[in-house]
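A.B. asks: Attaching a predicted model along with its sequence, questions to come.
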Amino acid sequence: MSMTAVAYNCPNCGAELYFNADKQRMCCEFCLSEFTDDELNGNGARERAEKAAHDSEEYCEHMKEYVCPNCGAEFASDENTAAGICAYCHSPVMLKGRLSGQMKPDKIIPFKYGKEEAQKKFFEFIRKRWFLPKAFKSKENADNITGIYFPFWVTDADADARYDAEGTRIRVWRTGNTEYTETSRFLIEREGSIHFEDIVSSAISEGDKEMLEGILPYPSSSLENFSMPYLSGFTAKKRDIAREQLTDEVRGRMNGYSETLLRNTAGGYNTLSKKALRLNIKNSHWDYTLMPIWMLKYNTPKKTYTYAMNGYTGKIYGELPLSVRKLIYVCSGIFAGVAAAVALIGGFLL
């Protein structure tokens, strides 16, 4: 027999409601609204909650159940998670079969920053950002920061490239009252052998692409041969994007790098217009790699915000929520100050 949890949302702002035993009311911590049970029944909150529960049941069809080998507790994992932590005894759990065969990574970059240091950097990052919600800045929220290994493809390649362009040099001079302009046109040809090192592409479709790119790069020296013990105590996602799906994207990036590199060798021209770029990839090597990210998700009625930190370099990607209450409070104070100043000036003028 399956049991479904029903969550009620605030009719005013959409945030989740909590029952306050002292007030005997359902309360919203986001907009501070309060409701009795009768009020919720009257505005359709119950129907919306039951629909959300039905949607949750459909989501759970994509989840798989596992048993913790340490305490025996059952827990659920989505189909892209390869390692996690038991919510009951906090033991690290490896999900059997998720990282075997072709799904076994070639490389891994181990976490260099632990959770305590990740939380410290989080508080340093938000310290002077005044308009963040109080709940976001709380220690309880920081405790939710999670270490996750995300899957990437790392590509190395050797190629021969040729860049053809038309360059112009413009000479201007004056004789008497007459100005002359001379435009000389040149055929530019540049070619050479190029080695591409560590072209990194996300290997999971569910990831936040902007976030995943925002915490790059990782240094090449941090790559280690994959070993399961590195996953202990962390969550790990397995890839769902094959290298063949990224071939065109990676080649396009190689073309861009090649053009920039060869174009920069053609100096001394007023204009430079590309005619052709040819890239012959002689060999390439792809490594399926897990890279470490400390991640914190913060949900509001309208959006989920993502804070992330590179688990090796400490580089931060921050998408931060705005406290409307704080903003209104500050704007009201500014308006009141301006109004008082205007009134005072008016008094002097009278």
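C.D. replies: Yes, it's here. Numbers count the residues shown, from 1 in each chain.
A.B. asks: rest of the way, CA atoms for contacts and neighbours
C.D. replies: Will do.
A.B. asks: Distance check, Glu191 against Glu210.
C.D. replies: 34 Å (CA to CA, to the nearest Å).
A.B. asks: Could you check which of those two is surrounded by more residues?
C.D. replies: Using other CA atoms under 10 Å as the criterion, Glu191 and Glu210 rank with Glu191 on top: 15 against 9.
A.B. asks: On the three-state scheme, the more buried one is what?
C.D. replies: Three-state assignment for Glu191 (DSSP: H, G, I helix; E, B strand; the rest coil): strand.
A.B. asks: Am I right that it is in contact with Ala165?
C.D. replies: No - look at Glu191 against Ala165 with CA atoms under 8 Å: they stay out of range, at 11.6 Å.
A.B. asks: For Arg243, give me its contacts.
C.D. replies: Contacts for Arg243 (CA atoms under 8 Å, 6 or more residues apart in numbering) come out as Trp153, Trp286.
A.B. asks: Show me where the protein has its helices.
C.D. replies: 37-42, 45-60, 115-126, 139-142, 209-214, 247-263, 324-349 (DSSP state H).
A.B. asks: Tell me which residues of the third one come out buried.
C.D. replies: Of the residues in helix 115-126, those with enough neighbours to count as buried (16 or more other CA atoms under 10 Å) are Lys115, Ala118, Gln119, Lys121, Phe122.
A.B. asks: Model confidence at the fourth one, what's the number?
C.D. replies: Same thing as Lys121. On pLDDT, Lys121 comes in at 95.
A.B. asks: residues contacting it?
C.D. replies: Neighbours of Lys121 in contact, by CA under 8 Å, 6+ apart: none.
A.B. asks: Could you report the distance from it to Gly318?
C.D. replies: 12 Å.
A.B. asks: any idea how far Thr289 is from the residue nearest to Tyr230 when sequence neighbours are not counted?
C.D. replies: In space, Tyr230 comes closest to Pro110 once its chain neighbours are excluded; the distance is 6.3 Å by CA to CA, 6 or more residues apart in numbering. To Thr289, Pro110 is 11 Å away according to CA to CA.
A.B. asks: the more surrounded of those two?
C.D. replies: Neighbour count, other CA under 10 Å: between Pro110 and Thr289, Thr289 has more, with 27 against 20.
A.B. asks: Would you mind confirming that that one makes contact with Asp106?
C.D. replies: Yes - if you go by CA under 8 Å, Thr289 and Asp106 touch, sitting 5.9 Å apart.
A.B. asks: Report the contact partners of the residue nearest to Tyr230.
C.D. replies: Applying CA under 8 Å, 6+ apart, the residues near Pro110 are Ser222, Glu224, Tyr230, Met291, Pro292, Gly311, Tyr312.
A.B. asks: Lowest pLDDT pick from those?
C.D. replies: Within the contacts of Pro110, the minimum per-residue pLDDT falls on Tyr230 (87).
A.B. asks: What is the neighbour count of the residue nearest to Leu216 when sequence neighbours are not counted?
C.D. replies: Leaving aside its sequence neighbours, Leu216 sits nearest to Asn310 (CA to CA, 6+ apart; 7.3 Å). Around Asn310 there are 25 other residues, counting by other CA under 10 Å.
A.B. asks: Using PDB, write out every CA atom in stretch 276-293.
C.D. replies: Provided in PDB are the C-alpha atoms of stretch 276-293 (Å, rounded to 0.1, in the frame of the first residue of the first chain):
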ATOM      1  CA  ALA A 276      36.900  29.800 -44.700                       C
ATOM      2  CA  LEU A 277      37.900  27.600 -41.800                       C
ATOM      3  CA  ARG A 278      38.900  24.000 -42.200                       C
ATOM      4  CA  LEU A 279      39.500  21.700 -39.200                       C
ATOM      5  CA  ASN A 280      40.800  18.200 -39.600                       C
ATOM      6  CA  ILE A 281      40.600  16.300 -36.300                       C
ATOM      7  CA  LYS A 282      43.300  13.600 -36.400                       C
ATOM      8  CA  ASN A 283      42.500  12.000 -33.100                       C
ATOM      9  CA  SER A 284      40.400  12.600 -30.000                       C
ATOM     10  CA  HIS A 285      40.000  11.200 -26.500                       C
ATOM     11  CA  TRP A 286      36.900  11.400 -24.300                       C
ATOM     12  CA  ASP A 287      36.900  10.800 -20.500                       C
ATOM     13  CA  TYR A 288      33.600  10.400 -18.600                       C
ATOM     14  CA  THR A 289      34.400  12.300 -15.500                       C
ATOM     15  CA  LEU A 290      32.700  13.100 -12.200                       C
ATOM     16  CA  MET A 291      33.400  16.700 -10.800                       C
ATOM     17  CA  PRO A 292      32.600  18.000  -7.300                       C
ATOM     18  CA  ILE A 293      30.000  20.700  -6.600                       C
END
